[in-house]
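S.K.: Kindly generate the corresponding structure for this input.
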Amino acid sequence: MEIFDAKFPVVFFIDEIAGYYFYAHTLFSIMTSTKQISKHFRDVYFGGNWTSVNLKDTLADVNWEQATTKVHHLNTIAVLVFHINYYVSAILKVLQGKPLQASDKFSFDLHPITAEDAWQELVTKTFTEAEQLALLMENLDEAILFHDFADPKYGNYYRNLLGVIEHTHYHLGQIVLIKKIINEKI
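M.R.: Numbering: from 1, shown residues only. Purely as a prediction, here's the structure:
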């Protein structure tokens, strides 16, 4: 049997046979939902998630030629990085008080990358905007999580913030696989 006291984020378990109480673990060490969401977002970008895979480490040794190498019919690493950041950038602007101005049809429209500096510019922009979004996420008022995000058709803030994390994990997996295929050919 599990007992949870909402005043204290600690879970105790009762051994029903012996009647002993065992301290199990603290749940979130009094971390708010928005701080927890922000942490998960940062983790997929900068490390610390339980998958042990993150965007920063994955892209650290990718050069512009690898990033733009086409593998089969898949998107390139550069296009996927652009695509991931397209939605981060859109959500960032909303949290900064600007209107939502994004369209799925433009989310893969990366201008050609033909040199290392252009690739590094995309990577830097991606990580800079990720950190900016994480800061805004963690400082959001909890009450806003279940309010409409820009327009009711997009669901609430909670759905969109978790969605951008899931979206990043999904495409990070693709990037990891494409990178492995490219490195096997070298």
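
S.K.: Now do Lys185, the pLDDT please.
M.R.: pLDDT, Lys185: 83.

S.K.: can you map out the strands along this protein?
M.R.: 2-4, 10-14, 21-26 (DSSP state E).

S.K.: Identify the residue nearest Arg159 in space, chain neighbours excluded?
M.R.: Leaving aside its sequence neighbours, Arg159 sits nearest to Phe149 (CB to CB, 6 or more residues apart in numbering; 7.1 Å). No exception for glycine: its C-beta is placed from N, CA and C like everyone else's.

S.K.: Next, the residues that contact stretch 92-106 from outside, please.
M.R.: For stretch 92-106, the surrounding residues in contact (CB atoms under 8 Å, 6 or more residues apart in numbering) are 86-87, 89-90, 129, 132-133, 136-137, 140, 149-151, 154.

S.K.: Surely the residue nearest to Arg159 and Asn156 touch.
M.R.: Yes: the criterion here is CB atoms under 8 Å, and Phe149 meets it with Asn156 at 5.8 Å.

S.K.: Give me the most central residue, the protein.
M.R.: Nearest to the mean C-alpha position of the chain, counting by CA atoms, centre = their mean, stands Ile165 at 3.1 Å.

S.K.: how near is Thr126 to Gln36?
M.R.: Distance of Thr126 to Gln36, computed by CB to CB, to the nearest Å: 23 Å.

S.K.: dump the residue contacts of the nearest residue to Ser107 once chain neighbours are set aside.
M.R.: Leaving out its chain neighbours, the residue that sits closest to Ser107 by CB to CB, 6+ apart is Tyr86, at 4.4 Å. For Tyr86, the contacting residues are 102, 106-107, by CB under 8 Å, 6+ apart.
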